[in-house]
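Engineer: I need the structure of the sequence given here:
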Amino acid sequence: MKRSFRFPLFLLIFSMTNFHLMAQESEFAVEKRSRLKNASGEFQVKTENETWIPSETALIICDMWDKHWCPDANRRVAELAPFMNEVVKAARDRGIFIIHAPSDVTDYYAEHPARKKAMAAPKADNLPGEIQSWCSWLDEDERSVYPIDQSDGGCESEGFPSYEAWTKQVADIEIWGQDAISASGKEIWNMMEDRGIENVLLMGVHTNMCVLGRPFGLRNMSRYGKNVVLVRDLTDTMYNPKSWPYVDHYTGTDLIVEHIEKYVCPTILSSSLTGKKDFRFSTDERSVEKGNGKK
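Structural biologist: You can find the predicted model right below:
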C-alpha cells in the first residue's frame, strides 16, 4: 500500500516566506556612469559596477504629480508613469524601500499608512543642520557651466502660466502600505538613517529643477554622503527648444544628465532593476544611440 506524504501547511508557508525574504535580500548589480576630468581637463565617461543590498537601498519618486501647469509636461508624465510603476514594483519585490515624494500635496495622504510611517520615523542623530529646498538652487560651481536656459519655465507650449495644478501623485504609480510618503528632507533622512539606508535611487521630474534641488534631491543626497544615483531614463526636464542652446527637448534632458554626471552624482538605467529594456519617450525621434543620455 502506497503511503502519501503531506507537507505540513505551516512549514510550507514558512518555507515560502523565507524563500521570498531571501529573494528580497538578493544583491543586485548597478552600472554607475560618471564623467570625470582627465589630465587635459576634458570630461571622459567612466562606468563603475557596484553590488547593492536591497535593505540598504531606497528608491525616491520625485514630484510625479497628477497634473502639471504645462501640457507638454503632462503628456510626458502620463507616458512615463505606467512604465515607472513597473520599475517601482520590481524594486519593491527586491526589498528596496519605496519613498513617494510628491511635493506640496502630502496632506492629501494624511491617513495613509505610508504617510504615517514617514511622520513616525525616529529623529536621526546625524540630521543635517541645513537642507536646501528650492528647485532653482544651483551650487556656485555649477552656475557658470549649466548647460541649458530654463529661465522661461521650460514649457514648449505658449500661453500657459505657472501655477500649482497638482493635488496628489499620478494614479498610475501605486502606493503600498509598506512604502512611505514624504516630501520632507528631514523625514526622509530620518527614515533612511533608521533603516540603515546608504544607497539612493532617484527618479521622477523634473531633472533640471526639483530632481536636483528638492530637500531630498540629488544635490542634498550627494553632499550629505549618500551613495545616490539618478535613474536617467525615468526622468524629464522643463526645457523649451526655443531657448539656448536651441536643441530638441530630449537632447536638453541629455545635457542635464551629462551635467549631473559631471558635477553632482552618477546615473544608471532602470534595467539595473528590471533586467528589461530602458524607457524611451514615443516622441523621441533621435537615433537609439542618442537616447537616454547614451552618447
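Engineer: Now do residue 174: how many residues are near it, please.
Structural biologist: By other C-beta atoms under 10 Å, 13 other residues sit near residue 174. Where you see a C-beta, it was placed from the backbone N, CA and C, and this is true even at glycine.
Engineer: wait, what's in contact with it?
Structural biologist: Residues near residue 174 by C-beta atoms under 8 Å, 6 or more residues apart in numbering: 85, 88-89.
Engineer: at 10 Å what do you get?
Structural biologist: 85, 88-89, 92, 98, 100 (C-beta atoms under 10 Å, 6 or more residues apart in numbering).
Engineer: now do residue 102
Structural biologist: 61-66, 108-109, 166-170, 173, 175, 181-183, 204.
Engineer: Filter the residues you listed down to the buried ones and express that as a ChimeraX selection.
Structural biologist: This is how ChimeraX selects the buried members of the contacts of residue 102, with burial counted by 16 or more other C-beta atoms under 10 Å:
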select :61,62,63,64,65,66,108,109,166,169,170,173,175,181,182,183,204
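Engineer: picking that back up, which two of the contacts of residue 174 have the greatest separation?
Structural biologist: 89 and 100 (13.3 Å; C-beta to C-beta).
Engineer: Give me the common contacts of those two.
Structural biologist: 173-174, 176.
Engineer: picking up where we left off before, residue 89 and residue 100: which is more packed in?
Structural biologist: residue 100 (27 against 16).
Engineer: could you point out the longest helix in the protein?
Structural biologist: Criterion DSSP state H: the longest helix present in the chain is helix 71-94.
Engineer: What's the first helix or strand after the helix or strand harbouring residue 202?
Structural biologist: Using DSSP states H and E, residue 202 maps to strand 199-205. Using DSSP H and E, the next helix or strand after strand 199-205 towards the C-terminus is helix 212-213.
Engineer: other SSEs contacting that following helix?
Structural biologist: helix 218-223, helix 249-263 (3 or more C-beta pairs under 10 Å, 6 or more residues apart in numbering; DSSP states H and E).
Engineer: One more pass at 7 Å, please.
Structural biologist: On a contact count with 3 or more C-beta pairs under 7 Å, 6 or more residues apart in numbering; DSSP states H and E, helix 212-213 meets helix 218-223.
Engineer: Output the contacting helices and strands for the next helix or strand after the helix it packs on.
Structural biologist: Using DSSP H and E, the next helix or strand after helix 218-223 towards the C-terminus is strand 227-236. Here strand 227-236 touches helix 71-94, strand 199-205, helix 218-223, helix 249-263, strand 267-268, going by 3+ C-beta pairs under 7 Å, 6+ apart.
Engineer: Mind checking these for the one nearest to residue 48?
Structural biologist: Among the helices and strands packed on strand 227-236, if distance is taken as C-beta to C-beta, the winner is strand 267-268, at 10.3 Å.
Engineer: Please enumerate residues in contact with the closest one?
Structural biologist: Applying C-beta atoms under 7 Å, 6 or more residues apart in numbering, the contact partners of strand 267-268 are 30-33, 229-232, 257, 260-261, 293.
Engineer: 10 Å - rerun?
Structural biologist: Here strand 267-268 has contacts from 29-35, 47, 50, 201-203, 207, 218, 229-235, 257-258, 260-261, 278, 292-293, using C-beta under 10 Å, 6+ apart.
Engineer: Tell me the gap between stretch 217-228 and the middle of its chain.
Structural biologist: Taking the mean of its C-alpha atoms, stretch 217-228 sits 12 Å from the chain's own mean (C-alpha atoms, centre = their mean, to the nearest Å).
Engineer: What residues of that stretch count as buried?
Structural biologist: 217-222, 226-228.
Engineer: Kindly present those residues as CSV, with separate columns for pLDDT.
Structural biologist: Shown next, in CSV, are the buried residues of stretch 217-228 (pLDDT from 0 to 100):
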residue, pLDDT
217, 94
218, 95
219, 92
220, 91
221, 94
222, 94
226, 97
227, 98
228, 98
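Engineer: out of those residues, which one sits closest to residue 74?
Structural biologist: residue 217 (21.6 Å).
Engineer: Not counting its neighbours along the chain, what's nearest the closest one?
Structural biologist: residue 211 (5.9 Å; C-beta to C-beta, 6 or more residues apart in numbering).
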